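**Q** no FASTA, just this:
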């Protein structure tokens, strides 16, 4: 993968240079892992390293400074801005433990977000980036979170993020949980930050349950069931196919 640097000035580039170099070296190892284990064949052409502001106002209108657009990954390495963003999603809820977690969020957690974006390019997913994705988006988003976190974070970090997002689903389920996870789609990104993140949290937790509980850690069994749903014409919503309709009730 090539690297493209899209900062507004040399100072911003230099401020992030060490983090970018660290992330890029570690991402190369994760890329090899995906190639061996998860059918990563058509890699993105480049990573566009940029600021949070440019990622969310110039390159996209999505309030999250990490996204994949066909052959490019756009990503902000700014740890301080990521911490602020994750605190913003709490919408003023006072929760000391969760606030402390995000205030001290490690670079490793941010690296797992970058890993998430690379995982999207796995051939195990049946949808293409240039298609209007209207169903099953929760599976791909949740699986990208699951694979990257499981293989980039250590056990403590993985447990912490799982516990935090489980708690956040409980906090916000009455405000944002009226819809099925199958409704998570392109239009969801027109909502506010917390509403968007709420479906990411649920997607990760649903996939985690499928892999670790339902399939006894056999992740390829879950992929096989996902592919079966697709081959059979997507006759029912994917949550129904997995018999997960009442998972969050």
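**A** Sure, I can see it. Keep in mind the model is a prediction, meaning the values are calculated, not measured.
**Q** Which parts of the protein are strands?
**A** Ranges of strands in the chain, per DSSP state E, are 2-6, 46-50, 66-69, 72-75.
**Q** From start to finish, how long is stretch 40-54 in a straight line?
**A** End-to-end span of stretch 40-54 (C-alpha to C-alpha, to the nearest Å): 28 Å.
**Q** Now do it: distance to the chain's middle.
**A** Distance of stretch 40-54 from its chain centroid, counting by C-alpha atoms, centre = their mean, to the nearest Å, is 14 Å.
**Q** Just the buried positions in it, please.
**A** Applying a neighbour-count criterion of 16 or more other C-beta atoms under 10 Å, the buried positions in stretch 40-54 are 40, 44, 47, 48, 49, 50, 51, 52, 54. (Glycine included, C-beta is placed from N, CA and C.)
**Q** what sits up against it?
**A** Contact with stretch 40-54 is made by 1-8, 12, 16, 20, 24, 27, 31, 34-35, 59, 65, 68, 71-78, 81-82, 85, 114, 118-119, 121-123, as judged by C-beta atoms under 8 Å, 6 or more residues apart in numbering.
**Q** one more time with 6 Å
**A** The contact list for stretch 40-54 (C-beta atoms under 6 Å, 6 or more residues apart in numbering) reads 1-7, 20, 34, 65, 71-74, 76, 78, 81, 121-123.
**Q** Check the gap between residue 152 and residue 17 for me.
**A** From residue 152 across to residue 17, the span is 21 Å (C-beta to C-beta, to the nearest Å).
**Q** can you count the residues close to residue 3?
**A** Other residues within reach of residue 3, judged by other C-beta atoms under 10 Å, total 11.
**Q** and the closest residue to residue 120 other than its chain neighbours, bridged to which residues?
**A** Closest residue to residue 120 apart from its sequence neighbours, by C-beta to C-beta, 6 or more residues apart in numbering: residue 68 at 4.9 Å. Beta bridges link residue 68 to residue 73, judged by DSSP bridges.
**Q** So which elements touch the longest helix along the chain?
**A** Secondary structure of the chain per DSSP state H: the longest helix is helix 10-37. Where contact means 3 or more C-beta pairs under 6 Å, 6 or more residues apart in numbering; DSSP states H and E, helix 10-37 is packed against helix 107-119.
**Q** Pull out the buried positions in the helix it packs on.
**A** For helix 107-119, burial by neighbour count (16+ other C-beta under 10 Å) applies to 109, 110, 111, 112, 113, 114, 115, 116, 117, 118, 119.
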